[in-house]
Structure formats: structure tokens, C-alpha cells
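Asks: coords please:
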Amino acid sequence: MSKRILIVDDSGSVRSVLGIALKGAGYEVVTAEDGVDALSKLDGQRFHLIISDVNMPNMDGITLVKEVKKLASYKFTPICMLTTEAGEAKMQEGRAAGAKAWIVKPFQPPKLLDAVSKLIA
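Replies: Presented below is the predicted three-dimensional model:
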């Protein structure tokens, strides 16, 4: 069984690029447009990793991390933030919420895949 990853980003092009890179590496991918959409996808399916943007409409990524960590089935699921936010304060806020990794856009697919394999291992 391949490992399942939830991609959460309001940009269709980012979801597409991430999906191509992850599917090419053998991962199963589910996508969501924002935090609200992402929470609706957490319906008991097992996810091995969540990759989320920070700045999104309806529910931002930091709030999403906090909400995911409240769910018993997903509280140990690693979450990686993939964002244009590079400020230390925002990174600290993400870590405090429960994010395990922080990758700044634009990203290099090989570097992302390396981080993904470490987070899922």
C-alpha cells in the first residue's frame, strides 16, 4: 500500500506541481483548497503526512495544524508547512501549533521529496 499524503494549498498550480512530484515518487495524493476543505477530507482515511500552505482563505494553515492535532485519529500525523512565509516568528508559531517541518516556496522537488521521506519514515 502506498503512503497517502494530503496537500492543502489554495493555489491550484502548487497543488498540481506537488501532486506530480509526489505521485512520481510513488505516493498517493489527496488535495484540499484550504483548511476547511482539508478537515472535511480527514474522514477516517489514514494519511501519513499533511503538507499545508500557511496563507489561505477560510482557514489558514496554522489554524489547520491546531485543529488536526485535536483529532485523536490524526494528532500524530506529521504536518509540513510549505509556504512563502520565511519569518522566524511565523515558523515558531507553526512549530508551537505542531508543525514538524517548514519549507519555503519556491521549492525544489528533490529537496521536498527528501523532507517527505524523512517525515514519513
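Asks: C-alpha only now, for contacts and for neighbours.
Replies: OK.
Asks: what's the distance between Lys3 and Lys118?
Replies: Distance, Lys3 to Lys118, using Cα to Cα, to the nearest Å: 13 Å.
Asks: okay, those two: which has more neighbours?
Replies: Lys3 (13 against 9; other Cα atoms under 10 Å).
Asks: Confirm for me that the more buried one is in contact with Glu28.
Replies: Yes - contact criterion Cα atoms under 8 Å: Lys3 and Glu28 qualify, at 6.0 Å.
Asks: buried set for stretch 84-97?
Replies: Glu85, Met91, Gly94, Arg95, Ala97 (16 or more other Cα atoms under 10 Å).
Asks: could you give me the average pLDDT of that stretch?
Replies: Stretch 84-97 carries an average pLDDT of 96.
Asks: Residues contacting it, please?
Replies: Taking contacts as Cα atoms under 8 Å, 6 or more residues apart in numbering, the residues outside stretch 84-97 that touch it are Val54, Ile62, Thr63, Val65, Lys66, Met81, Ala101, Trp102, Val104, Lys105, Pro106.
Asks: Tell me which two of those sit farthest apart.
Replies: Across the contacts of stretch 84-97, the longest distance by Cα to Cα is 24.7 Å; it joins Lys66 and Pro106.
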